[in-house]
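Student: give me the fold of what follows.
(2 chains, ligands or ions: 2)
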Amino acid sequence: MMEKIILGRYLPLNSVVHRMDPRAKLLFIFGFVFVVFLANNVLTYALLGVFTLFVIVLSNIKIQFLMTGLKPVIWLILFTFLLHVFFTKEGEVLAQLGFLSIYKGGVIKGAFISLRFLLLIFVTSLLTLTTPPISVTDGIESLFGPLKRVKVPVHELALMMSISLRFIPTLLDETDKIMKAQMARGADFTSGSLTSRIKAVIPLLIPLFVSAFKRAEELAVAMEARGYRGGEGRTKYRVLAWHGRDTAALLVLVALAAALFGLRS
Amino acid sequence: MKDSIISIDDVSFQYPDQTAFALQHVSLHVQRGEWLAIVGHNGSGKSTLAKMLNGLHYPKEGTVTISGLALSEENVWAIREKLGMVFQNPDNQFVGTTVQDDVAFGLENNGVEQKEMKERVQEALEKVGMTAFLNQEPHHLSGGQKQRVAIASVIALRPDIILLDEATSMLDPAGRDEVMNTIRSIKDEEGLTVISITHDLEEAAKADRVVVLNQGSVYTEGSPQAIFQLDQELLTLGLDVPFPVRMSQLLADEGLILSQRHFTEEELVKDVWTLNFKK
Ligand SMILES: Nc1ncnc2c1ncn2[C@@H]1O[C@H](COP(=O)(O)OP(=O)(O)OP(=O)(O)O)[C@@H](O)[C@H]1O
Ligand SMILES: [Mg+2]
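Tutor: Ligands and ions are numbered 1, 2, ... in the order given. Predicted structure coming up:
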């Protein structure tokens, strides 16, 4: 099951996109989310589409791979599309299905919005696919660094994030083990009514929580024993390095925004 | 004692909200370069004592001195650099997302420069033979490998003392050997002092000295030979006598007097098969 989810997965390939500074990637995506909304006609959407394709090619990640990752959200995209097709009343009528009439404007708008959705998903999944989670955390910590002045515990939050990432596989393993242990005792997680299935999950969650708390406590002791005393006076093992290509990427985004601005209607 | 690297003098400790004392008038001195084993039944206070040596608890009475530093709130961070700990559960002491991040964690905490950190991480991983796993994530490692990384994390801080609190008890025999051999070779190389808390008396048999804790006090201490002479007494303390020792005892009961008591199967076997030649 876990193999199919690509959100949050990292693919260690070698590409320009992989080598980019995580801060640049984060800023780029943040900017891209706004830039996408500039597109409002066929030309601008075409430009955005070509641009996104270009970025995907640069990242060395196969488009088929991104497509398989779409499966969980495809229904959402389809739903948005149909919503627009049936409820937007603009332009000429294309077809009449009983009391529902389908307008040309609706189809176009639905297509645009679905496309926008698709592009956003592609570009944001590129972030996690090309960046190790720990680098994403480092990037976030560094970008939000200035907030430390106003007493936001940026370092602590970043550490929490990286420890959570570190423990996800451990806890998944543990869930699996507990599940098997309960199944060996006759628990049934896969059949019965919804309420009985929810009830079956309780004997799974309780041991999991108990063990997670125990782990947390032991981990805290181990961290303290290794000299952890908060962010102050701490150095960093991983140093982020901003290169020319990172600035270039952001400039390209600005250029894209300018082009879209010029071409939009 | 002058040459003691660790001095524990008349230490008592009580957990908050507990009536019983977890440690009562414990006095113990550890020599530089010594390998000390601490054994005792469950709840005898071994982990409590270990945590006290690292300033995770402070004594209620008595004093603790480590590498010339008296245990106090001011000295605690310096002491944690001198005395590194490896705990029981391999998973619950792995902080970093990868092997190298984990080894670097302690160095980061102590504000070591990034360039030096790289070197020290590399060096420490070399000593435990884990350089090939630099970028490996913890869930792809065996228990023994994780414990070796934990040892590397401690070594990277260049401590004087390394304390193992049942560090091998969750490992299979192969993992156990792997970890103990690593510790042994590092101890010899660096002249470290090792304190190993263990339930495994065979492991304790390889120490220079064994301390037996019972209900929060030092019951007895001495060479492994002397401790294992206690036989039945050890059983009443909730300790299990190692198989070779029990076997020697049984053989003695049958009238086969061996040259001495043996702590390892190898020694025992050797003595048994050469027994007839000596007659
Ligand atoms: N956090 C705690 N709060 C209260 N009491 C505790 C706590 N931890 C340990 N104790 C008590 O202190 C005593 C000594 O415990 P300790 O963990 O030091 O034993 P141990 O020798 O390490 O045992 P084990 O072999 O099971 O690891 C026990 O009676 C235990 O119940
Ligand atoms: Mg213990």
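Student: how about the residues of chain A near chain B?
Tutor: Within chain A, the positions near chain B by Cβ under 8 Å from any Cβ of the partner chain are A:132-134, A:162-163, A:165-166, A:169-170, A:173, A:214-215, A:218-219, A:221-229, A:233-239. C-betas here are computed from N, CA, C, even on glycine.
Student: hmm, 6 Å instead?
Tutor: Residues of chain A lying near chain B by Cβ under 6 Å from any Cβ of the partner chain: A:134, A:162, A:165-166, A:169-170, A:215, A:218-219, A:222-223, A:225-228, A:233-235, A:237, A:239.
Student: what subset of those residues is buried?
Tutor: Buried subset of those (neighbour count, 16 or more other Cβ atoms under 10 Å in any protein chain shown): A:134, A:162, A:165-166, A:170, A:215, A:218-219, A:222-223, A:225-228, A:234-235, A:237.
Student: out of those, which sit inside helices?
Tutor: Counting by DSSP state H, these place A:134, A:162, A:165, A:166, A:170, A:215, A:218, A:219, A:222, A:223, A:225 in helices.
Student: how distant is the lowest-mean-pLDDT helix or strand in chain A from the center of its chain?
Tutor: Here the helix or strand of chain A ranked lowest by mean pLDDT, DSSP states H and E is strand A:93-97, holding a mean of 80. Strand A:93-97 sits 38 Å away from the centroid of its parent chain (Cα atoms, centre = their mean, to the nearest Å).
Student: can you name every helix or strand that it contacts?
Tutor: strand A:100-103 (3 or more Cβ pairs under 6 Å, 6 or more residues apart in numbering or on different chains; DSSP states H and E).
Student: now for the strand it packs on, which elements pack on it?
Tutor: Counting by 3+ Cβ pairs under 6 Å, 6+ apart, strand A:100-103 packs on strand A:93-97.
Student: contacting residues around the strand it packs on?
Tutor: For strand A:93-97, the surrounding residues in contact (Cβ atoms under 6 Å, 6 or more residues apart in numbering or on different chains) are A:101, A:102, A:103, A:104.
Student: contacting residues for the second one?
Tutor: What it means is residue A:102. With contact set as Cβ under 6 Å, 6+ apart, residue A:102 has these partners: A:85, A:94, A:95.
Student: any idea how far whatever residue of chain A ends up closest to ligand 1 is from residue B:264?
Tutor: Of all residues in chain A, residue A:217 sits closest to ligand 1, at 8.9 Å by Cβ to the nearest ligand atom. Computed as Cβ to Cβ, to the nearest Å, the residue A:217 to residue B:264 distance reads 37 Å.
Student: quick check: domain ranges of chain A?
Tutor: Domains of chain A are assigned by automatic domain parsing as A:2-131+A:241-263, A:147-225.
Student: can you tell me which of those domains is most buried?
Tutor: By mean neighbour count, with neighbours taken as mean count of other Cβ atoms under 10 Å in any protein chain shown, domain A:2-131+A:241-263 ranks first of the domains of chain A at a mean of 15.
Student: now it, how far from the centre of its chain.
Tutor: From the chain centre to the centre of domain A:2-131+A:241-263 is a distance of 13 Å (Cα atoms, centre = their mean).
Student: without its sequence neighbours, what residue ends up closest to residue 247?
Tutor: No chain in the question, so chain A it is. residue A:24 (7.8 Å; Cβ to Cβ, 6 or more residues apart in numbering or on different chains).
Student: oops, chain B please
Tutor: Nearest non-adjacent residue to residue B:247, counting by Cβ to Cβ, 6+ apart: residue B:268, 6.1 Å away.
Student: tell me the confidence at the one you found?
Tutor: You'll see residue B:268 listed with a pLDDT of 81.
Student: now do the same contact list for residue A:129.
Tutor: Neighbours of residue A:129 in contact, by Cβ under 6 Å, 6+ apart: A:11, A:61.
Student: please identify the helix or strand for it.
Tutor: In the assignment (DSSP states H and E), residue A:129 maps to helix A:104-130.
Student: now the domains of chain A as JSON lines including distance to residue B:126?
Tutor: Shown next, in JSON lines, are the domains of chain A (distance: least, Cβ to Cβ, whole Å):
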{"stretch": "domain A:2-131+A:241-263", "distance to residue B:126": "24"}
{"stretch": "domain A:147-225", "distance to residue B:126": "23"}
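Student: closest one to residue B:40 among those?
Tutor: Nearest to residue B:40, of all the domains of chain A, is domain A:147-225, at 19.9 Å by Cβ to Cβ.
Student: mind listing what the residue lying farthest from the centre of chain A touches?
Tutor: Distance from the C-alpha centroid of chain A peaks at residue A:98, with 40.6 Å (Cα atoms, centre = their mean). By Cβ under 6 Å, 6+ apart, residue A:98 lies in contact with nothing.
Student: sorry, back to before: any idea which of the contacts of residue A:102 is closest to chain B?
Tutor: residue A:85 (44.9 Å; Cβ to the nearest Cβ).
Student: I figured the closest one hits residue A:106, correct?
Tutor: Yes. Using Cβ atoms under 6 Å, residue A:85 is in contact with residue A:106, at 4.9 Å.
Student: need the helices for chain B, in chain order.
Tutor: For chain B, the helices defined by DSSP H occupy B:46-53, B:76-82, B:99-109, B:114-127, B:143-155, B:173-190, B:201-204, B:224-228, B:232-236, B:243-253, B:265-278.
Student: can you say which of those helices is nearest to ligand 1?
Tutor: So among those, helix B:46-53 is nearest, using Cβ to the nearest ligand atom, at 3.1 Å.
Student: picking that back up, now do the helix holding residue A:129, average pLDDT.
Tutor: pLDDT averaged over helix A:104-130 gives 90.
Student: what does stretch B:160-174 give?
Tutor: The model assigns stretch B:160-174 a mean pLDDT of 92.
Student: end to end, how far does it reach?
Tutor: Taking Cα to Cα, to the nearest Å, stretch B:160-174 runs 27 Å from one end to the other.
Student: who touches that stretch?
Tutor: Outside stretch B:160-174, the residues that touch it by Cβ under 6 Å, 6+ apart are B:47, B:50, B:67, B:82-88, B:143-144, B:147, B:154, B:176, B:179, B:192-197.
Student: with stretch B:44-53 instead?
Tutor: B:22, B:23, B:38, B:40, B:57, B:83, B:163, B:165, B:197, B:213, B:214, B:216.
Student: please tabulate the residues you listed in a markdown table, including the columns neighbour count.
Tutor: Formatted as a markdown table, the contacts of stretch B:44-53 follow (neighbours: other Cβ atoms under 10 Å in any protein chain shown):
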| residue | neighbour count |
| --- | --- |
| B:22 | 22 |
| B:23 | 26 |
| B:38 | 27 |
| B:40 | 24 |
| B:57 | 21 |
| B:83 | 26 |
| B:163 | 26 |
| B:165 | 21 |
| B:197 | 23 |
| B:213 | 25 |
| B:214 | 17 |
| B:216 | 22 |
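Student: give me the subset of those touching ligand 1.
Tutor: Contacts with ligand 1 within those, counted by Cβ under 6 Å from any ligand atom: B:22, B:40.
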